[in-house]
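Visitor: sequence-free structure coming up:
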């Protein structure tokens, strides 16, 4: 979910669904491993700004996963579901060739670059919107030079719960304490 008007995090789990292969001879060539993973989140709607740069995912062996975090800001867009696109680039070992001679043997590693465009969706929500409700104004009368009791009612007018809410009341003139 992207909270309207506030930077929000989008977590994307990348999973390498290739089965982990058997080790070839004594070397672990890991042909199924995705190497040099990079991912970029793109929005086609200019009201949804992707604040994160390209994210790096490193090496992902077959059967493993990693989580990438992107930050986005939605402003001036109606609530609802919006398409995003993640462009993911990586390389994988495609072929190993023996080169050279018996006196100077060598191996040539060839990698194939791959690019995937993956569709994503983000739900734009209002988020928690906490307001102070003053319904019984006569209970909040402050008499000069006397102690007074203030009664405040907090109301969440948003579409998601407010969690770990803290309220700090600070006096402003003419109230001293």
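Guide: Okay, I see it. Predicted model only: the values in this text are computed from it and were never measured. Numbering: from 1, shown residues only.
Visitor: For the lowest-mean-pLDDT helix or strand in the chain, enumerate the helices and strands it packs against.
Guide: Using mean pLDDT, DSSP states H and E, strand 130-133 stands out as the lowest-scoring helix or strand of the chain, at a mean of 82. Under the contact criterion of 3 or more Cβ pairs under 8 Å, 6 or more residues apart in numbering; DSSP states H and E, strand 130-133 touches strand 153-156. Where C-beta positions appear, they are placed from N, C-alpha and C, glycine not excepted.
Visitor: so what secondary structure elements neighbour the strand it packs on?
Guide: Using 3+ Cβ pairs under 8 Å, 6+ apart, strand 153-156 is in contact with strand 130-133.
Visitor: Now do the strands in the chain.
Guide: Ranges of strands within the chain are 2-3, 8-15, 34-42, 48-50, 55-60, 65-74, 80-100, 105-125, 130-133, 153-156, based on DSSP state E.
Visitor: any idea of the angle the third one forms with strand 65-74?
Guide: Between strand 34-42 and strand 65-74, the angle formed by their directions is 20 degrees, by axes from the mean of the first three to the mean of the last three Cα atoms, to 10 degrees.
Visitor: mind showing which ranges of this protein have poor pLDDT?
Guide: For the chain, the stretches with pLDDT under 70 are 20-30, 134-141.
Visitor: One more pass at 90, please.
Guide: Within the chain, the segments meeting pLDDT under 90 span 1-6, 16-35, 58-63, 76, 92-112, 125-177.
Visitor: still on that earlier bit, what residues does the least confident helix or strand of the chain touch?
Guide: 152, 153, 154, 155, 156, 157, 158, 162, 165 (Cβ atoms under 8 Å, 6 or more residues apart in numbering).
Visitor: for residue 42, what are its contacts?
Guide: Going by Cβ under 8 Å, 6+ apart, residue 42 touches 50, 84, 85, 86, 87.
Visitor: for residue 1, same thing?
Guide: Taking Cβ under 8 Å, 6+ apart as the test, what residue 1 contacts is 8, 122, 123, 124, 125, 127, 160.
Visitor: rerun at 6 Å
Guide: By Cβ atoms under 6 Å, 6 or more residues apart in numbering, the residues touching residue 1 are 123, 125.
Visitor: I'd like the distance between it and residue 124.
Guide: Distance, residue 1 to residue 124, by Cβ to Cβ, to the nearest Å: 8 Å.
Visitor: again, but for residue 177
Guide: 43 Å.
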